[in-house]
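# I'll drop the sequence and a predicted model, then ask my questions.
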Amino acid sequence: MSFWLWESLPWMYRILGLGWTVVAVLILVFALFAPLSRALVLGFAVLIGTQCWHGPTYCITRAIRWWVVAILAVRAVRAVARLGRSTSPPSPGRTAMLLMGALAVGSALWARDPRSSILLAASFVMGLVIIFIGLWRVLDHVDLAAQLPGPAAWFGLLVFGASYLAVLVAWATNDWPQWVRTGWEGRFSGIFINANMLGLLGATLLPLVAAAPRQVLGRISAIRWLVVAAIGYAIFLSGSRSAIIGSAGALILILFYRNRAGAVALVTLGGAALWAGVTYAPLDAYELDQSAFGHITRTKHLSTLSGRFELWELGLDAARENPVAGGGWGASRVLHDDDFGSEDLMSAGGIYRGTNLHSAHIQILVDLGWTGLLLFWIYCADVMRFGLSVLGAARTARNETLLLVFASAAGMIADTFVHGGVFSMGSPGALIFWAFGTVCLKEGSLMRQRAREERLRGSGPSWRPRERPADAGAPAQ
């Protein structure tokens, strides 16, 4: 399979047939001509497909994903050029990320392998353009926070329902290869290649589905708890400790917003019960690993966090070579072999055999030094500041919906300490991370603008839902 369409489309026709080739072409046409908001949804669906083990879906999406990303990036720039700059006030986090994109491209000047560095930086910058320019402009017209829970619930029902269905089909047909692919007897991955992808997606969707107001969810609210149960059980079966912790933290945050005293009491009692169970349960490490929780505990790997300590030490050692500006974008992916060059690293639009440091913070420290890490921290701090603003604002249905988005974003920020996929724009997890953060940054900048206007009028700072422009019903093109 080749990255170039004039080579990959004939390959698809020979291997997959005319039908799947037509699907690939239709996806590209839709990305080119559909309204930008719908094209962004399509881009997310394509990236989700790259994580599925279903052969045709995987092959098609892997072959065209960077073409879809490039189309969306060009359309985002075109929308800004045609419609003018956004009327929203500036956001420190957004500005920091755009500066990081410029630094990533510039870092190719001092990178050990400039070709690999510039290619990887270009893919990262295309993602930044889509999110922080295209989506930012769409948010001027589309109230995504209010519209997100309903589609998120339907999407969760589709993805997790399909994951369980794949297990049932494999069992009913004695399809052992498919049974193994789902990971049912180990770490459940469902329709995805990696169990961590299933866990991360579940942790992102769970707060939106479990706590969204009924009127926001729409008709799917009738089966809300069925969807919540399907997502929650899949997170547990995935064995992703970070997804479990992130989900629990997000739900605790929502509970604290709704009932502060009750949340403190419940967390205290739950923590005490967990501590007592761990302390006094008559189980040794072997028995614990053989229990129903063994795929989560994995006690043999707890002392090093599944080998992460060694990887972090490797990254910190590499970062000392150029602590201010780093070794150039992509330097963190080639730490295991001094002779590892661009031809080995990148093939058909993907990254193979690259080092995975399992920490976005250490990864950016190696690539862009403390300068890049500081920019990333500014972004994270701006998102967290928005969350504190919502927690301190009046309790309204809209504020509660915004809190759900923030709870998911905060959980994903916590996950960056043990995973580094947020800088790989070909991953759906990265797109979700930056998209949810952008909603928080956008709403946070509007809240601060509203507070300043209130202070200028002489009244105390308060915030109300923003008023949409007259053309709010028309999505940005």
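Looks like it arrived, so ask away. Numbering: from 1, shown residues only.
# so where is the protein shaky, pLDDT-wise?
Counting by pLDDT under 70, the ranges of the chain that qualify are 1-3, 85-86, 260-307, 336-354, 458-477.
# One more pass at 50, please.
Per-residue confidence for the chain (pLDDT under 50) gives these ranges: 269, 273-303, 338-342, 348-349, 463, 468-477.
# so Gly330 makes contact with Arg115?
No - counting by C-beta atoms under 8 Å, Gly330 does not reach Arg115; the two are 9.8 Å apart. Using the backbone N, CA and C atoms, a C-beta is placed for each residue, glycine as well.
# The two: which has the busier surroundings?
Per other C-beta atoms under 10 Å, whichever of Gly330 and Arg115 has more neighbours is Gly330, with 32 against 15.
# ok, the nearest residue to that one once chain neighbours are set aside to Leu42 distance?
Among residues not flanking Gly330 along the chain, Leu120 sits closest, at 4.1 Å (C-beta to C-beta, 6 or more residues apart in numbering). Distance of Leu120 to Leu42, given as C-beta to C-beta, to the nearest Å: 24 Å.
# Over to Gly202?
In this view, Gly202 and Leu42 are 22 Å apart by C-beta to C-beta.
# okay, those two: which has more neighbours?
Relative neighbour count places Gly202 above the other of Gly202 and Leu42, with 29 against 17, counting by other C-beta under 10 Å.
# C-terminal to the helix ranked longest in the chain, what's the next element?
When the chain is parsed with DSSP state H, its longest helix is helix 360-392. For helix 360-392, the succeeding helix or strand toward the C-terminus, using DSSP states H and E, is helix 397-415.
# That following helix - contacts with which helices or strands?
helix 144-147, helix 195-211, helix 214-217, helix 241-258, helix 360-392, helix 428-456 (3 or more C-beta pairs under 8 Å, 6 or more residues apart in numbering; DSSP states H and E).
# Name the surrounding residues that touch the first one.
Residues from elsewhere that reach helix 144-147, judged by C-beta atoms under 8 Å, 6 or more residues apart in numbering: Val138, Val216, Arg398, Thr401, Leu402, Val405, Val439, Glu443.
# Kindly recompute the last result at 10 Å.
The contact list for helix 144-147 (C-beta atoms under 10 Å, 6 or more residues apart in numbering) reads 37, 40, 135, 138-139, 151, 212-213, 215-216, 218, 397-399, 401-406, 435-436, 438-440, 442-443, 465.
# what comes up buried for it?
By 16 or more other C-beta atoms under 10 Å, the buried positions in helix 144-147 come out as Leu144, Ala145, Ala146.
# Ok, the last one next?
If you call a residue buried by 16+ other C-beta under 10 Å, then helix 428-456 has these buried ones: 428-448, 450-451.
# so what's Leu373 up against?
Taking C-beta under 10 Å, 6+ apart, we find Leu373 in contact with Met100, Ala319, Pro323, Gly326, Ala360, His361, Ile362, Gln363, Ile364, Leu365, Val366, Asp367.
# burial count for the fifth one?
Neighbours of Ala360 under the rule other C-beta under 10 Å: 25.
# That one contacts His419, doesn't it?
Yes - here Ala360 lies in contact with His419, judged by C-beta atoms under 10 Å, at a distance of 7.0 Å.
# Could you export stretch 57-71 as CSV, CA atoms only?
Coordinates of each C-alpha in stretch 57-71 appear next as CSV, following Å, rounded to 0.1, in the frame of the first residue of the first chain:
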residue,chain,number,x,y,z
THR,A,57,-11.8,-0.4,6.9
TYR,A,58,-8.2,-0.4,8.1
CYS,A,59,-6.7,-0.5,4.6
ILE,A,60,-8.9,2.3,3.2
THR,A,61,-8.6,4.7,6.1
ARG,A,62,-4.8,4.2,6.4
ALA,A,63,-4.4,4.9,2.7
ILE,A,64,-6.4,8.1,2.6
ARG,A,65,-6.2,9.5,6.1
TRP,A,66,-3.4,12.1,5.4
TRP,A,67,-5.2,13.2,2.3
VAL,A,68,-8.4,13.8,4.3
VAL,A,69,-6.3,15.7,7.0
ALA,A,70,-4.7,17.8,4.3
ILE,A,71,-8.0,18.6,2.7
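# Centre of the chain to that stretch, how far?
The chain centroid and the centroid of stretch 57-71 are separated by 18 Å under C-alpha atoms, centre = their mean, to the nearest Å.
# Stretch 140-151 too?
Counting by C-alpha atoms, centre = their mean, stretch 140-151 is centred 17 Å from the centre of its parent chain.
# Can you show me the CA trace of it as CSV?
Listed next in CSV are the C-alpha coordinates belonging to stretch 140-151 (Å, rounded to 0.1, in the frame of the first residue of the first chain):
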residue,chain,number,x,y,z
ASP,A,140,-18.4,30.8,16.2
HIS,A,141,-21.5,29.3,14.6
VAL,A,142,-22.1,25.9,16.2
ASP,A,143,-22.7,25.5,19.9
LEU,A,144,-20.7,22.2,20.0
ALA,A,145,-20.8,21.8,23.8
ALA,A,146,-24.6,21.7,23.8
GLN,A,147,-24.8,19.4,20.7
LEU,A,148,-22.1,17.0,21.8
PRO,A,149,-23.7,14.7,24.4
GLY,A,150,-26.4,13.3,22.1
PRO,A,151,-24.1,12.2,19.2
